[in-house]
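In: Make a model of this:
(chains A and B)
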Amino acid sequence: MDEGSARVAIVGIGIHPFGRHPGMTGRAQGAFAVRQALTDAGLGWTDVQCAFGGSVAAGGADTLVSDLGLTGLPFVNVHNGCGTGGSALAMAERAIRSGDHDVAMAIGFDKHPPGAFNADPEASGLGHWYGETGLMLTTQFFAMKIQRYMHEFGISPATLAKVAAKAYRNGAGNPHAWRRQPLSEEEIAAAPMISHPLTKYMFCSPGEGAVALVLARADHADRYPARPVYLKAVSFRTRRFGSFEVFSPWLAPDRAEGPTTEAARAAFESAGLGPADVDVVQLQDTESGAEIMHMAETGFCKDGEQELLIQSGATEIGGAMPVNTDGGCLANGEPIGASGLRQVYENVLQLRGAAGQRQVPGQPRVAFTHVYGAPGISCCTVLTT
Amino acid sequence: MTAADLVAVPVAQGLFSWPDEPRLIGSICTACGTATFPSQPSCPRCTGTAVRPVPLATTGRLWTWTVQAFEPKPPYRADGPFEPYGVGYVELATQDGSGAVLVESRLTEADPSQLKIGATMTLTFVPVYRDDAGRQVVTFAFAPEQTRPQ
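Out: Presented below is the predicted three-dimensional model:
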């Protein structure tokens, strides 16, 4: 599934700013991102030969054609939870790599109401009791996972605050981020506790936004105006028995590797590269602890090494392993359908050398993205110049 | 205890035996020994269907925990003003010792200073809401063995 490399390039990128946009539908934000991506690629909508996209809460992506133009193209709706954007990207990549198409589009957008997600237990195959008794919250899962992780591997509460402070600092340098106000580690640590050990400012919020990417054959990449960036690998995995996942009324006593570990390993193998080759990293940071745990699950360090890495500044933009240079989910919020594609958008900017004040120094050449979400899925990508 | 409490009803059928000698009811795979909670008709590990229901032990160790500090949106259902509650996973053996499972549960304790990974926890039951007939609906919960001095 993941074999082959550098047959697909990302030649156009578009984003609708993340945040809250009263009066603007999620679909309208999606159309905005599509038009921006087409402009970036020097193409029109009629040049797009196939499209894959979706939202979780803002409607079907294929209805965008009534705004963009009824060109008859094959357009597949993707509805795959937190993997929606990554799944759309994976299918667009296959559409090019198969030789069937020269130009494809991946689109993700969403619009969620304020407040924590209130998932329907029965839609997840769980009894109504699980929701009624107050167990059906993603926030609890992330808190309990980092609580256990801190106990086993010695991560300090101060490091949780430091991750969040970095996110808001990086977000301040990102014109399409939602939260652009830097917060001190002290303010973050002293904020009301949402789900111990995580405070209000250590969690991302459901939000709004859209991202669109134009993909093309790698051997056509020089036909497009922007510096080409190659999609070396995109790998998607679901959970196996024994992994610790969101919305689990029970767990097996013995832990298995999670989908993040498997998706990251598959992406690196497919790309013929490893974590040591990567210059810039975007990781799922639903909350501060998730970024810390995902650093190890994706292979960038061993369990427990994050404490020293983060405290020494290694994950800052100027550090040896820059993580979440656009502010991540913490500063951008999480419009589920768009969130994974936002990470790819940021890495394309970084590899083009066009990330402005948040540009990673030294001309990064290899970039990695990682999404994790309900009900236990992960999608990872490797991009190169 | 009021008359309505005497007819307290479980939040769902099949989660726990009730009202005599209440026990959580899991299932165990007779082929590979995997225990689940609640009980289910097939094994998520070996994919077999030779599973049987099994009561779980009433005490176990706390594997991880958090405190739910804000009132969840529906389908969360409760009466009266919101009070934070603890949530955790408790490692429980099956009553016959044939397997073990980490069960996610409400905790009776919501003070972080009173919750500790590895602590012994005991099964109890807590009110959730009154149903349309006025009956007290209850769910399972775990209490730390030693609570703070009264």
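
In: Any residue of the host helix or strand of A:Ala267 touching chain B?
Out: Using DSSP states H and E, A:Ala267 maps to helix A:259-271. No: Helix A:259-271 is not in contact with chain B by CB under 8 Å from any CB of the partner chain; minimum separation 15.1 Å. From N, CA and C alone the C-beta is placed, and that goes for glycine too.

In: So which other helices or strands are in contact with that helix?
Out: Packing partners of helix A:259-271 (3 or more CB pairs under 8 Å, 6 or more residues apart in numbering or on different chains; DSSP states H and E): strand A:229-238, helix A:288-297, strand A:366-373, strand A:377-384.

In: Strand partners (parallel or antiparallel) of the third one?
Out: Okay, so that is strand A:366-373. Applying DSSP bridges to the sheet, strand A:366-373 is found paired with strand A:280-282 (parallel), strand A:377-384 (antiparallel).

In: pLDDT on that strand, on average?
Out: For strand A:366-373, mean pLDDT rounds to 96.

In: Could you check the angle it makes with strand A:229-238?
Out: 30 degrees (axes from the mean of the first three to the mean of the last three CA atoms, to 10 degrees).

In: Same check on the second one?
Out: Interaxial angle, helix A:288-297 versus strand A:229-238 (the same axes, to 10 degrees): 100 degrees.

In: tell me which residues in helix A:288-297 are buried?
Out: A:288-297 (16 or more other CB atoms under 10 Å in any protein chain shown).

In: Let me have these in JSON lines, adding distance to chain B as columns.
Out: Formatted as JSON lines, these follow (distance: CB to the nearest CB, whole Å):
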{"residue": "A:Ser288", "distance to chain B": "14"}
{"residue": "A:Gly289", "distance to chain B": "11"}
{"residue": "A:Ala290", "distance to chain B": "14"}
{"residue": "A:Glu291", "distance to chain B": "18"}
{"residue": "A:Ile292", "distance to chain B": "15"}
{"residue": "A:Met293", "distance to chain B": "13"}
{"residue": "A:His294", "distance to chain B": "18"}
{"residue": "A:Met295", "distance to chain B": "20"}
{"residue": "A:Ala296", "distance to chain B": "17"}
{"residue": "A:Glu297", "distance to chain B": "17"}
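
In: how far is the helix holding A:Ala267 from where the chain is centred?
Out: 15 Å (CA atoms, centre = their mean, to the nearest Å).

In: ok, which stretches of chain A are helices?
Out: Per DSSP state H, chain A carries helices over the ranges A:26-41, A:65-68, A:84-97, A:128-132, A:138-153, A:157-172, A:185-190, A:259-271, A:288-297, A:306-311, A:328-332, A:336-352.

In: and the ones you listed, which is most packed in?
Out: Highest mean neighbour count among the helices of chain A (mean count of other CB atoms under 10 Å in any protein chain shown): helix A:328-332, with a mean of 31.

In: Can you check the pLDDT for residue 20?
Out: All of this is about chain A. 96.

In: should've been chain B
Out: pLDDT at B:Asp20 comes out at 91.

In: So it versus B:Arg106, what's the distance?
Out: Distance, B:Asp20 to B:Arg106, using CB to CB, to the nearest Å: 22 Å.

In: Compare these two (neighbour count), which wins?
Out: Neighbour count, other CB atoms under 10 Å in any protein chain shown: between B:Asp20 and B:Arg106, B:Arg106 has more, with 21 against 6.

In: Let me know whether that one touches B:Val87 as I believe.
Out: Yes: if you go by CB atoms under 8 Å, B:Arg106 and B:Val87 touch, sitting 6.2 Å apart.

In: Which neighbours do the two have in common?
Out: A:134-135 (CB atoms under 8 Å, 6 or more residues apart in numbering or on different chains).

In: hmm, who's touching the helix holding A:Ala267?
Out: Contacts for helix A:259-271 (CB under 8 Å, 6+ apart): A:1-5, A:232-240, A:243, A:274-275, A:284, A:294, A:297-299, A:368, A:370, A:372, A:376-382, A:384.

In: Likewise for stretch B:120-131?
Out: So stretch B:120-131 is in contact with A:132-133, B:4, B:8-9, B:11, B:16, B:22-24, B:58-62, B:77-79, B:88, B:90, B:106-108, B:136-145, going by CB under 8 Å, 6+ apart.

In: Going through those, which ones are buried?
Out: Here, 16+ other CB under 10 Å leaves A:132-133, B:8, B:11, B:16, B:22-24, B:58, B:60, B:62, B:77-78, B:88, B:90, B:106-108, B:136-144 buried among those.

In: Mind checking which of those residues land in strands?
Out: B:60, B:62, B:88, B:90, B:106-107, B:136-144 (DSSP state E).

In: got the helices and strands packed on helix A:259-271 as a markdown table, with distance to A:Gly209 columns?
Out: Output for the helices and strands packed on helix A:259-271, formatted as a markdown table (distance: least, CB to CB, whole Å):
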| stretch | distance to A:Gly209 |
| --- | --- |
| strand A:229-238 | 21 |
| helix A:288-297 | 19 |
| strand A:366-373 | 14 |
| strand A:377-384 | 18 |
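
In: A:Gly318: which of the ones you listed is closest?
Out: Between A:Gly318 and the helices and strands packed on helix A:259-271, the tightest spacing by CB to CB is seen for strand A:366-373, at 16.1 Å.
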